[in-house]
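In: Sharing a model that was predicted from the sequence below.
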Amino acid sequence: MQEPDESINLARAALYIAQEEYPDLDPEEYLNTLDTMGFKLQEHLPSWRYPLRIIQCINQYFYEEFDFSGNNIDYYDPRNSFFNDVIERRTGIPITLALVYMEVARGLNFLMVGIGMPGHFLIRPDIQDIGIFVDAFNGGEVILAQDCQDRLSQIYQQSVTLQAEFLAPVSNRQFLARMLTNLKYIYLKQQDLEKSLGTVERILLLFPGTSLELRDRGLLCFQLGIFSQAIEDLQTYLVKIPDAEDADVIGQLLEKLD
């Protein structure tokens, strides 16, 4: 994927990711569904269109009429990461619900950006220094930076210092890579090595040469018996990060492969 980051259509790209699981998926069907949601909301926009009022309007219809909600019951269901499933089932994880919310808001000419906070994905209006964030997973709750600090500490069950980069907007490539990383770990948890490898391959299309993804592709290829690729990736990893914490383990594995 070599096109400029700003020209990537996130919704379409997310549907292309889902096509790996659903080869017959028609992206246009779901893009039209998102457009329809935006059209319905247009009719209910307030005359005074300041950000908090628009968010309140979106929330009312997104969570009440459209009936979206965070999937707390089966958080690690892969369907929560497939954009078509999220649109159909009206449930998902923070990043996929954030994308639906962003696309509906875009239909109102109210642009929002993704915020890749560790442990929990947020969005905010694309207005510099606005200082408010929306939690699409938790009913569109509007939170401030201090709330983000508290949420981080809750997630990691210890005091975590909120750093500026935690609340910085993510690029389109970073957004898609985070979606794929979620899928990658779900598949690893399910011991589905082939699908795990597929997600790593797609992350590397977004960010070629990423050291940790090369390592993970090498390890997955080793487990799947694709030894030539495993050797190439693991050797590249050690060249890139010779003092990696797992350098000795990777080196020993390479000795077995020679």
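Out: Right, received. Where do you want to start?
In: so how many other residues sit close to residue 101?
Out: Burial of residue 101 is recorded as 23 neighbouring residues (other Cβ atoms under 10 Å). For the C-beta atoms, the positions are set from N, CA and C on the backbone; glycine is no exception.
In: Might one say that it is in contact with residue 140?
Out: Yes: counting by Cβ atoms under 8 Å, residue 101 does reach residue 140; the two are 7.3 Å apart.
In: which residues are contacting the lowest-mean-pLDDT helix or strand in the chain?
Out: Taking mean pLDDT, DSSP states H and E as the measure, helix 145-156 is the helix or strand of the chain with the lowest mean score, a mean of 84. For helix 145-156, the surrounding residues in contact (Cβ atoms under 8 Å, 6 or more residues apart in numbering) are 117-120, 122, 131, 133, 143, 159-160, 162, 166-167.
In: After that helix, which helix or strand is next?
Out: Downstream of helix 145-156, the first helix or strand assigned by DSSP states H and E is helix 172-189.
In: list the buried ones in that following helix?
Out: Using 16 or more other Cβ atoms under 10 Å as the test for burial, helix 172-189 gives 172-184, 186-188.
In: what about this protein, any weak spots by pLDDT?
Out: Applying pLDDT under 70 to the chain flags residues 1-2.
In: hey, where'd the strands end up in it?
Out: Assignment of strands within the chain using DSSP state E yields the ranges 69-70, 91-92, 112-115, 122-125, 133-135, 141-143.
In: Out of those strands, the one nearest residue 35 is which?
Out: Distance to residue 35, taken as Cβ to Cβ, is lowest for strand 112-115 among the strands of the chain, at 16.5 Å.
In: Which neighbouring elements make contact with that closest one?
Out: If contacts are counted by 3 or more Cβ pairs under 8 Å, 6 or more residues apart in numbering; DSSP states H and E, strand 112-115 sits against helix 94-106, strand 122-125.
In: Show me what the shortest one is packed against.
Out: So the one you mean is strand 122-125. Using 3+ Cβ pairs under 8 Å, 6+ apart, strand 122-125 sits against helix 94-106, strand 112-115, strand 133-135.
In: As CSV, the ones you listed with distance to residue 88 would be great.
Out: Below are those laid out as CSV (distance: least, Cβ to Cβ, whole Å):
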stretch, distance to residue 88
helix 94-106, 11
strand 112-115, 22
strand 133-135, 22
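In: Show me the one of the ones you listed that comes nearest residue 4.
Out: The nearest among the helices and strands packed on strand 122-125, by Cβ to Cβ, is strand 112-115 at 16.6 Å.
In: what does the closest one rub up against?
Out: 95, 98-99, 101-102, 105-106, 121-126, 133-134, 167-170, 174-175.
In: rewinding a little: nearest to residue 212 among the buried residues of helix 172-189?
Out: Nearest member of the buried residues of helix 172-189 to residue 212, counting by Cβ to Cβ, is residue 181, at 10.2 Å.
In: contacting residues for the closest one?
Out: Contacts of residue 181 by Cβ under 8 Å, 6+ apart are 199, 203.
In: Show me the residue at the heart of the protein, geometrically.
Out: residue 179 (2.9 Å; Cα atoms, centre = their mean).
In: The residue nearest to that one when sequence neighbours are not counted and residue 223: what is the separation?
Out: Using Cβ to Cβ, 6 or more residues apart in numbering and skipping residues adjacent in sequence, the residue nearest residue 179 is residue 95, 5.7 Å away. Residue 95 is 27 Å from residue 223, where distance means Cβ to Cβ, to the nearest Å.
In: Compare neighbour counts for these two and give me the winner.
Out: The residue with more neighbours, out of residue 95 and residue 223 and counting by other Cβ under 10 Å, is residue 95; that gives 26 against 13.
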